[in-house]
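1. My questions concern the predicted model and sequence given below.
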Amino acid sequence: MFPTPIERASAPTRWLYRAALPLALLLWLLPLIAVALTSVRGQADIAAGNYWGWPTQWQAWDNYAAVFSSTPILRYIGNSFLVTLPTVLGAVALACLAGFALGVYRFKANLLVFFVFVGGNFVPFQILMVPVRDLSLALGLYDSLSGLILFHIAFQSGFCTFFMRNFIRELPMELVEAARIEGASEWQVFHRVVLPLVRPALAALSVLVFTFIWNDYFWATVLIQGDHAMPVTGGLKSLNGQWVAQWHLVSAGAIVAALPPVAIFFILQKQFIAGLTMGATKG
Amino acid sequence: MPATGAQGHDGWWQRHQRALAPWLFLAPAAAMFLLYVVLPIGQSMRLSLYDWDGLGTPVWVGLANYVELASDPDFHVALKNSLIWLLGFLLAVPMGLGLALLLNQTVFGIRAIKSLFFFPFVISQVVIGLVFTWFYNPALGLVDKLFGLFGQADLAVLADEDLVTYAIVAAGLYPQIAYCMILYLTGLNSIRPDLIEAARLEGAKGWQMLWHVVLPQLRPASFIAVVVTVVGSLRSFDMVAVMTAGGPYGSSRVLAYYMYEKALSEYGYRMGYGTAIATVLFAIMLVYILFVLWRIYRQERELG
């Protein structure tokens, strides 16, 4: 167990640990490995009930081609990007401004406003559902990408503001004071002094919000009806309904849907985990 | 306080810049958050006192929706299931800790292994839900094969009223354990080796070491792990929607799903009744929200 480094353990224990590790990983990832394998199985395997054995035919190309050619998954993926990217940009931008206000200035309602952002970020979505749907209908944004984006920006700005405010508060305030003495306006302080310093936080936050929004399913179901604006999570659900027992196709679809956040996670892993724990441990 | 800008003859803006700036910087985020989050909470609570189909004129019914909830057996099932979720989901915290302790070593390739263990958290719950639905399939699922080893073949867990919620919670634990594991791994990074050494000299090891030396230092990680797990459990919607749509016979509904069903599905557009369910859910969550805010408040006061 932890406090004892494995190097101090006896040789057999050390050996056992090293052997057990990949085995544990294999077991842990079994669900995902099974899906990956099935996504390349042939129809014959599925028909013969070979779901868990090694594939006897490899039909990666056919399966993935079928997913792309006979379903609107490309459109779903496109919609997911069209929702996710503006949301990340919008929420992070708003949060930089608000986080600056809450992190740098001391005014009476500061903590109260901060608490509204933090608390609002924890509410169950269901308490927002009916009014947000009505609002979107009233604005003519129901069943549209922009309606979904606006909601996501607004809701994520809660977490993002919390995150940016905590980060900005840790910055050395002497820099801000020095800039002011030199005659910088408040906007210049934000733009020239603080913004360059929060760059690492921006990366971490963006990766995190990207995954949150990409994986959203609830709001896609509530605010979107048709394929024209449906993100991939909602699309995958409906494909699953059409392809009952076509597990090789469902698996291929699931892999396609999961690919963008997974790719981003592996490319920007350090930022992702930094973001997750930076936002978290300050709580 | 140093004067901003040049001297006193500057305009009104120069003199008031420092006082107005925070509000101007706050305005965009605050306006959006108010419109889409804060106001809707109040609107939902108000709506829960009306009878409304979403189209016509809402009719004031006072507390009638809540009275109806009190004797609605479906609501009781959903409430009970939400509590099962809450308690079951909390298992992710010790399991995540266990996994973190196991992986907190420095052997070759451990970084890659850690990130692969975290992997399930990055994937959508819709995908996880689909995968586990397949796992649980009585005819061809892996779980069935496992049960088969013990002579319990063809057990359709997702069609079993008594097992279904536990089966979905188990699926939900998969990514949640990964999340808790990462929080604990980060916490373990900041543990003080001198305290560990001192305890070791005193003869502490194993459980004693974990309980008296390691866990107290992991308190921030534990706090946040519990909070995100509780919030996640009460928000659980995706898994239920994907795996069973609340079935069989509504036996896997949770509050979050039942609310959606009442307000926005073929079961009838009862917006008032739906928002009453949401208000109950919100009230439960409020306990945790206030707990978090209180803790932040204490921290802020300490920091000055």
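-> Ah, there it is.

2. How much space separates B:L86 from chain A?
-> Plainly put, B:L86 is 12 Å away from chain A if you go by C-beta to the nearest C-beta, to the nearest Å. Every C-beta, even on glycine, is put in place using the N, C-alpha and C of the backbone.

3. Just to check, that residue is in contact with B:R235?
-> No. Between B:L86 and B:R235 there is no contact, the gap being 11.0 Å when judged by C-beta atoms under 8 Å.

4. Wait, A:V189 touches A:V176, no?
-> Yes. Taking contacts as C-beta under 8 Å, A:V189 lies within contact range of A:V176: 5.6 Å.

5. what's the weakest-modelled helix or strand in chain B?
-> For chain B, the helix or strand with the lowest mean confidence is helix B:142-149, at a mean of 72 (criterion: mean pLDDT, DSSP states H and E).

6. for it, packing partners?
-> Contact partners of helix B:142-149 among helices and strands, from 3 or more C-beta pairs under 8 Å, 6 or more residues apart in numbering or on different chains; DSSP states H and E: helix B:125-136.

7. Which residue would you name as the spatial centre of the chain?
-> All of this refers to chain A. In chain A, the centroid-proximal residue (C-alpha atoms, centre = their mean) is A:T211; its distance is 1.1 Å.

8. oops, chain B please
-> To find the centre residue of chain B, average its C-alpha atoms and take the closest one (C-alpha atoms, centre = their mean): that gives B:G232, at 1.4 Å.

9. Regarding that one, what is its secondary structure?
-> Here B:G232 is recorded as helix under DSSP: H, G, I helix; E, B strand; the rest coil.

10. Run through the chain and note the low-pLDDT ranges.
-> No chain was given, so I picked chain A. Scanning chain A for pLDDT under 70 picks out A:1-3, A:244-245, A:279-283.

11. ah, I was thinking of chain B
-> For chain B, the stretches with pLDDT under 70 are B:1-10, B:151-154, B:266-268, B:304.

12. Surely B:R253 and B:F75 touch.
-> No. Using C-beta under 8 Å, B:R253 is not in contact with B:F75, being 9.0 Å away.

13. Quickly note the distance from B:F282 to chain A.
-> Between B:F282 and chain A the distance, using C-beta to the nearest C-beta, works out to 4 Å.

14. list the helices and strands the host helix or strand of that residue packs on?
-> Following DSSP states H and E, the helix or strand that holds B:F282 is helix B:271-303. Secondary structure elements in contact with helix B:271-303, counted by 3+ C-beta pairs under 8 Å, 6+ apart, are helix A:110-120, helix A:126-138, helix B:39-47, strand B:50-51, helix B:64-70, helix B:73-89, helix B:219-235, helix B:255-263.

15. the more surrounded of B:R253 and B:F75?
-> More neighbours surround B:R253 than the other of B:R253 and B:F75, with 26 against 21 (other C-beta atoms under 10 Å in any protein chain shown).

16. does that one count as helix, strand or coil?
-> Three states are possible here, and by three-state DSSP the one that applies to B:R253 is coil.

17. before we move on, the earlier item: got the angle for the helix holding B:F282 vs helix B:219-235?
-> Orientation check (axes from the mean of the first three to the mean of the last three C-alpha atoms, to 10 degrees): helix B:271-303 against helix B:219-235 gives 170 degrees.

18. how about helix B:271-303: buried residues?
-> Neighbour-count burial for helix B:271-303, counted by 16 or more other C-beta atoms under 10 Å in any protein chain shown, picks out B:271-282, B:284-285, B:289, B:292-293, B:296.

19. Off-centre distance for that helix?
-> 12 Å (C-alpha atoms, centre = their mean, to the nearest Å).

20. re earlier: next, the angle from the least confident helix or strand of chain B to helix B:125-136.
-> Between helix B:142-149 and helix B:125-136, the angle formed by their directions is 30 degrees, by the same axes, to 10 degrees.

21. how many other residues sit next to B:L79?
-> When counting by other C-beta under 10 Å, one arrives at 20 neighbours for B:L79.

22. What distance do you get for it to chain A?
-> The gap separating B:L79 from chain A is 14 Å, by C-beta to the nearest C-beta.

23. need the contact list for the nearest residue to the residue nearest to the centre of chain A once chain neighbours are set aside.
-> Here the nearest residue to A:T211 in space, its sequence neighbours aside, is A:P261; by C-beta to C-beta, 6 or more residues apart in numbering or on different chains that works out to 4.7 Å. Under the criterion of C-beta atoms under 8 Å, 6 or more residues apart in numbering or on different chains, the neighbours of A:P261 are A:F210, A:T211, A:W214, A:N215, B:V122, B:I123, B:S124.

24. Distance to B:F150 and secondary structure added to these, as CSV?
-> Supplementary listing: the contacts of A:P261 in CSV, determined by distance: C-beta to C-beta, whole Å; DSSP: H, G, I helix; E, B strand; the rest coil:
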residue, distance to B:F150, secondary structure
A:F210, 43, helix
A:T211, 38, helix
A:W214, 39, helix
A:N215, 35, coil
B:V122, 33, helix
B:I123, 30, coil
B:S124, 32, coil
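
25. follow-up on the earlier one: next helix or strand past the least confident helix or strand of chain B?
-> Scanning forward in sequence from helix B:142-149 by DSSP H and E, the next helix or strand is helix B:164-189.

26. count of residues packed around A:S69?
-> 9.

27. Does anything pack onto the one helix or strand it maps to? Which helices or strands?
-> When secondary structure is defined by DSSP H and E, A:S69 falls within helix A:60-70. Using 3+ C-beta pairs under 8 Å, 6+ apart, the elements in contact with helix A:60-70 are helix A:247-267.

28. quick one: the helix it packs on to chain centroid distance?
-> Using C-alpha atoms, centre = their mean, we find the averaged C-alpha position of helix A:247-267 to lie 13 Å away from the chain's own average C-alpha position.

29. Same question for stretch A:23-32.
-> For stretch A:23-32, the distance to the chain centre is 23 Å (C-alpha atoms, centre = their mean).

30. now stretch B:231-251
-> Averaging C-alpha positions (C-alpha atoms, centre = their mean) puts stretch B:231-251 13 Å from its chain's average.

31. What are the buried residues along stretch B:162-176?
-> Of the residues in stretch B:162-176, B:163-176 count as buried by neighbour count, 16+ other C-beta under 10 Å.

32. If you could redo that for stretch A:111-123, that was the one I meant.
-> Buried residues in stretch A:111-123, counting neighbours by 16+ other C-beta under 10 Å, are found at A:L111, A:V113, A:F114, A:F115, A:V116, A:F117, A:V118, A:G119, A:G120, A:N121, A:F122, A:V123.

33. Could you measure from the third one over to chain B?
-> Counting by C-beta to the nearest C-beta, the separation of A:F114 from chain B is 8 Å.

34. Check the first one too.
-> Taking C-beta to the nearest C-beta as the measure, A:L111 falls 6 Å from chain B.

35. Now that residue. Nearest residue, chain neighbours left out?
-> B:E300 (6.4 Å).

36. right, and the residue nearest to the centre of chain A touches A:V262 too?
-> No. Taking contact to mean C-beta under 8 Å, the distance of 9.3 Å between A:T211 and A:V262 leaves them out of contact.

37. so what's in contact with the two at the same time?
-> Residues touching both A:T211 and A:V262 (C-beta under 8 Å, 6+ apart) are B:V122.

38. and the helix or strand that contains A:I149 with helix A:126-138, angle?
-> Using DSSP H and E, A:I149 maps to helix A:145-169. Note on geometry: by the same axes, to 10 degrees, helix A:145-169 and helix A:126-138 are set 130 degrees apart in direction.

39. Report the buried residues of helix A:145-169.
-> Residues of helix A:145-169 classed as buried under the neighbour-count rule (16+ other C-beta under 10 Å) are A:145, A:147-168.

40. How about stretch B:18-25?
-> B:R18, B:A21, B:P22, B:F25.

41. what do you get for stretch A:235-254?
-> Residues of stretch A:235-254 classed as buried: A:235-237, A:239-240, A:243, A:246-254 (neighbour count, 16+ other C-beta under 10 Å).
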